[in-house]
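In: predicted model, plus sequence, below.
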Amino acid sequence: MKLKIAFFLLLGFLVHGQSPYPQDAFESPLDIPLILAGTFGELRSNHFHSGLDIKTQSREGLSVKSIGPGTVTRIKISHWGYGKVIYIAHPNGYTSVYAHLQKFAPKIEEYIKKKQYEKQTYEIELFPDYGELTVNKGELIAYGGNTGGSSGPHLHFEIRNSLNEKPINPLLFGYSIRDATDPTLVGAYAYPLSEDAQVNRANTKIQLNIKRQADGSFVADTLNAAGTIGFGIDTYDRQDMAANKNGPYAITQKVNGEVYSDLDFDSFSFAETRYLNTLIDYEHFGKTYQRVQRCFKVPGNNLSIYNTLKNDGKLEIAEGETYDVDLQIKDLAGNTTVLKVPVKGKRLPLEINESPKKTDYYLIAQKPNNYDLGIARVYFPANTFYNDFYIDLSSDEKTVTIHQNTVPAHRNFTISFDVSHIPVDERKQWFVARLDSRLRPDYSNTYKRNNTFTTRTRQLGTYTLAKDTIAPKVRTKNFKPKQWLTNYRYLSLLISDDLSGIDSYSATINGEWILMEYEPKTNTLTYNFDDKILDKTECELEVVVKDNVGNTTTFKSTFFRK
Ligand SMILES: [Zn+2]
């Protein structure tokens, strides 16, 4: 059997001969080899991934350790987003972040539970004083989990600059990852950008015909083009030990040997992360869910990730000239995949000649725009969108349709429905809903004032008014009424709501508030018997669950415990 040679690379050192980041200040947050389910800068929904997703052997409960000495500066527990997360500031100016945790180490858990019982809430955000909760390098701080917006057990791990909060690629701090695998090129596209531009007889984007060479590089068929054009690529990067499709580190576009665009993921700011929607071909994403990243910069793109930009990465094609376009996709270990595109300046009769669909509404992005659609009004503040376009707006008796998910909205806009036709005493159960792809109503945060229901959203699509008359369902999960639970460690219940969704819940035993942890992914409420000393044998549990329009269920049960 041939042994595969392991490539243990000090990545930061290799790529950044003079890395500005300390190479041996931090140790690993886990005791297992680092295998990544997600890389820094990876393209996600409306954001770049701000850390590493480290695989935890598909299980919860692995020890998570502080990568260096420090003080806990922030703890947050939320049903969504990072779930249970802890921030530790280190004396060298960096803050490490550990998210989707199952629970915290005992001394931290105790600190949080005290505050949760004081405030009678599971969701909480705490900012301990400097030095109030200190940890040593390698100290156990938490256990890996799957809380919040996580779709499987893993550790989301970040390193940030403590002063400006900018996340930095953790792989620049000397962590070693096995990676001898080249980035994968899925597809490449050419874009005509100016009014007179064309690519292979088309005035619309075309997919390039690419072939893999013996040396692993790719070559595209010669492209005939005219006017101003640009390129885009669909790519991902894998490391050695996992099939996960992660993001590459850097993309460079050269034209006749000169760098036209060069971006990498060393660091970015949370303030710019949503501009991801200007990097990708959003229309393509809206139709296919594939993220094609453009090697040229469009108006409205405020990203700071570019090292070099010539003519915003766009090519001005002259008749009769030839251009060697060279696209390089790199990972942090230096593995590179190359695509060469020969371009010939040649204007030909168009075979595909499309003009943008015109509607009654031409939207100027820099101005606020207000539209009356009869049953509802739509208001877009200035700069909701990145560019001017013909927006498609329509309505019927019940719904308003606001374009479709082929255009990204950078800011929230408002949709205000007139509810004067709904009797006042019935309005409580009504809400604004967005219809999902299967036309089911999805609750959209609804503000009710006089005869108007308003929602703020960034999602284009179809909206309507919907009504929820059914209160949430509550049932026991791991016990039966009147049961003896003396040896039980947990009490768990299942809660669900058919339409508007769970808004809030609270629980008491013998009239005293108890902490129940809610996991929306499994609809489970869990109480830990270690939290409180129950002084009675007969325990009366009461759980109150409310949905988003206020329908309430009060569930009562009795159990015994010695
Ligand atoms: Zn993550």
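Out: All right, it came through fine.

In: going forward, measure contacts between C-alpha atoms and count neighbours the same way
Out: Will do.

In: how many other residues sit next to the closest residue to residue 435 other than its chain neighbours?
Out: In space, and not counting its chain neighbours, residue 435 is closest to residue 441: 4.6 Å by CA to CA, 6 or more residues apart in numbering. Residues within reach of residue 441, counting by other CA atoms under 10 Å, total 21.

In: before we move on, what about the one 4 residues further on?
Out: Burial measure for residue 445: 16 neighbouring residues, criterion other CA under 10 Å.

In: quick one: end-to-end length of stretch 169-176, please.
Out: Taking CA to CA, to the nearest Å as the measure, stretch 169-176 stretches 13 Å from start to finish.

In: check contacts around residue 204.
Out: 191-192, 198, 352-354 (CA atoms under 8 Å, 6 or more residues apart in numbering).

In: circling back: residue 430 is in contact with the residue nearest to residue 435, correct?
Out: No. The pair residue 441 / residue 430 is not scored as a contact, 11.7 Å apart, by CA atoms under 8 Å.

In: shared neighbours, those two?
Out: residue 466.

In: tell me the residues of the protein that contact the ion?
Out: 53, 156 (CA under 5 Å from the ion).

In: report the longest helix in the chain, please.
Out: helix 106-119 (DSSP state H).

In: other SSEs contacting it?
Out: Taking 3 or more CA pairs under 8 Å, 6 or more residues apart in numbering; DSSP states H and E as contact, there are no helices or strands that helix 106-119 lies on.

In: in that helix, what counts as buried?
Out: 108, 112-113, 116 (16 or more other CA atoms under 10 Å).

In: model confidence over stretch 337-349, on average?
Out: The average pLDDT for stretch 337-349 rounds to 98.

In: again, but for stretch 275-295
Out: For stretch 275-295, the mean confidence score works out to 96.

In: tell me how far it lies from the chain's centre.
Out: Its chain's C-alpha centre and that of stretch 275-295 lie 14 Å apart, by CA atoms, centre = their mean, to the nearest Å.

In: stretch 496-511 too?
Out: With CA atoms, centre = their mean, you get 27 Å for stretch 496-511.

In: residue 456 contacts residue 413, doesn't it?
Out: Yes. Contact criterion CA under 8 Å: residue 456 and residue 413 qualify, at 5.5 Å.

In: the more surrounded of the two?
Out: Set residue 456 next to residue 413 and count neighbours by other CA under 10 Å: residue 413 wins out with 20 against 17.

In: identify the residue nearest the more buried one in space, chain neighbours excluded?
Out: residue 380 (4.8 Å).

In: what do you get for residue 168?
Out: Nearest one to residue 168, counting by CA to CA, 6+ apart, is residue 267 at 4.4 Å.

In: dig out what whatever residue of the stretch 201-350 of the chain ends up closest to the ion forms beta bridges with.
Out: Taking CA to the ion, the ion has its nearest neighbour within the stretch 201-350 of the chain at residue 246, 11.1 Å off. Assessed by DSSP bridges, residue 246 has beta-bridge partners residue 237.

In: same deal with residue 512?
Out: Here residue 512, judged by DSSP bridges, has bridge partners residue 509.
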